[in-house]
Every structure is written in structure tokens, then in C-alpha cells.
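In: could you work out the structure for the sequence below:
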Amino acid sequence: MLMAFIDTNPMIPEFYKNSEYGPHVAGQQPERQLDWLDKLLANSDARWKIVVGHHPVYTAGPRTENYDTLAVRKALQPVLEKHKVDVYLSGHEHSMQHLKNSHEHFHQFISGAGSEVTPVRQNLTYNRFVAAEYGFMYFAVNARQLRCSIVDHEGKTTYSTVVSK
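Out: Reported below is the predicted structural model:
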């Protein structure tokens, strides 16, 4: 299994002009990170390829069409698809989500509901599961399956799914 952790902040052009975020991304070269990720994935023969970043590629939360989501999608989606990444994990949204576009290879899981909960849109075509609830996700991976379970703040499993190879 290959897990690659990336910094999505430099992929958002608006951050470079922002007084709060600008100093943290100044001088960063997102194309170099994307090139590194492209080569890492291309040279991997791992059965499972998982990429982890802060910002989602898609979301059913309040940032569905925000500049940050759109920028990360534009920068990252082609690399994820090119290398048939199995899972993209992110946060940023304060909800629990499993998303999968029918025309794309990767599943996206968003777990960001530990400190705050924000609304989700139920009617998006790529939703597999979305919930505005406190909780966390856990994953179990073997050679043939990746299992994700979502557990709410009371310890109840509210969703479970298996991605198979």
C-alpha cells in the first residue's frame, strides 16, 4: 500500500494574494509537488494507492463550488485519475462524506467533523454517503479490500463500505 500525504494549500492561487495564507505559501512551487506525486505514483507497484490532503477535490458541503475546491480539483484530479489512485482522503469540510463520481476511478472520503458540523447537500450525483454529524472514520485494508466505517460521536457505526480489487 502506498499512502502519499500532500499539502494542498499551494494549489490554491488565491492563497498567494491573501494576507493570512500568503506568507505560508510564498515561494512554494505547487507544480514541483505535483510532479513529485506524479512520479511517485508512476513508479509505484502498490496494490492500493491512497493520497491524503487537506482540501477536497469534490464535496457535498458548503464549499461545493468554492475557489479552493475548484482549484484543488483542477490541480489534483488529473494526477489521481492518471495513476488510478484508489482513495483520496481529505478534511476541510466539517461533515462525514463518501463521494464517488461514476466517471472517475478514485473514491473520496472526507472526515472533518470532530470539532464542528456544517450542512451537507444530499442531492449531488456523486454522493455515496453524506452526513452533518460529529464522528470519525476508520479504515482497514488488506490485499483485496479497503473497508471504511464512519462512527458517530456516540460510538454507533452510521455507514460502512468496502472498496474491492
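In: please count neighbours and contacts with C-alpha atoms only from this point.
Out: Fine.
In: can you give me the buried ones in the helix-or-strand element of the chain with minimal mean pLDDT?
Out: Across the helices and strands of the chain, mean confidence by mean pLDDT, DSSP states H and E is lowest for helix 22-25: a mean of 95. Across helix 22-25, burial judged by 16 or more other CA atoms under 10 Å covers 22, 25.
In: pull the CA atoms of that helix into PDB?
Out: Extracted as PDB, the C-alpha positions of helix 22-25 are listed here (Å, rounded to 0.1, in the frame of the first residue of the first chain):
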ATOM      1  CA  GLY A  22       0.100  34.200   1.600                       C
ATOM      2  CA  PRO A  23       3.100  34.100   3.900                       C
ATOM      3  CA  HIS A  24       2.700  30.400   4.400                       C
ATOM      4  CA  VAL A  25       2.600  29.600   0.600                       C
END
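In: helices or strands next to the helix or strand following that helix in the packing?
Out: Counting by DSSP states H and E, the next helix or strand C-terminal to helix 22-25 is helix 30-42. In terms of contacts (3 or more CA pairs under 8 Å, 6 or more residues apart in numbering; DSSP states H and E), helix 30-42 is packed against helix 67-82.
In: quick check: mean pLDDT of the helix it packs on?
Out: Helix 67-82 shows a mean pLDDT of 98.
In: same check on stretch 131-145?
Out: 97.
In: quick one: end-to-end distance for it.
Out: For stretch 131-145, the separation between the terminal residues is 24 Å (CA to CA, to the nearest Å).
In: chain center to that stretch, what's the gap?
Out: Centre-to-centre, stretch 131-145 and its host chain are 13 Å apart (CA atoms, centre = their mean, to the nearest Å).
In: same deal with stretch 32-40?
Out: 17 Å.
In: list the buried residues of that stretch.
Out: 33-34, 37-38.
In: can you list contacts of that stretch?
Out: Applying CA atoms under 8 Å, 6 or more residues apart in numbering, the contact partners of stretch 32-40 are 4, 6, 75-76, 79, 83.
In: sounds good, over and out.
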